[in-house]
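> Please find the sequence and the predicted model below.
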Amino acid sequence: MSHSQTPSRPLEVPCPRCRTSVQWVEENRFRPFCSERCKLIDLGAWADGTHRIAGEPAMDETEIDEMILRAERGDMGRDD
Ligand SMILES: [Zn+2]
């Protein structure tokens, strides 16, 4: 059978966060996101309700970096 699709080529999806093309493969544990950063940003946005507020500005870079640092240290929501 000859089809136009190449079987060796993995499915590609756009990252829900930044629209970068992401290969849907086992090795990409952040799929459908392109990276851990985009995954954390999107999960964080859902967690604090950003997705539910229309017209609200997106988090800025500083907040995103802080959130990722906290998530990595495992002390989310604590201040000491
Ligand atoms: Zn992304």
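Arrived safely, thanks for sending.
> Least confident secondary structure element in the protein?
Ranked by mean pLDDT, DSSP states H and E, the weakest helix or strand in the chain is helix 61-73, scoring a mean of 84.
> give me the number of residues near residue 40?
By other C-beta atoms under 10 Å, 20 other residues sit near residue 40. No exception for glycine: its C-beta is placed from N, CA and C like everyone else's.
> The residue nearest to it when sequence neighbours are not counted and the ion: what is the separation?
Leaving aside its sequence neighbours, residue 40 sits nearest to residue 68 (C-beta to C-beta, 6 or more residues apart in numbering; 5.4 Å). Distance from residue 68 to the ion, counting by C-beta to the ion, to the nearest Å: 13 Å.
> Residue 68 touches residue 37, doesn't it?
Yes - the criterion here is C-beta atoms under 8 Å, and residue 68 meets it with residue 37 at 6.6 Å.
> which strands and helices sit next to the least confident helix or strand of the chain?
Here helix 61-73 touches helix 36-47, going by 3 or more C-beta pairs under 8 Å, 6 or more residues apart in numbering; DSSP states H and E.
> by contact count, what packs against the helix it packs on?
helix 61-73.
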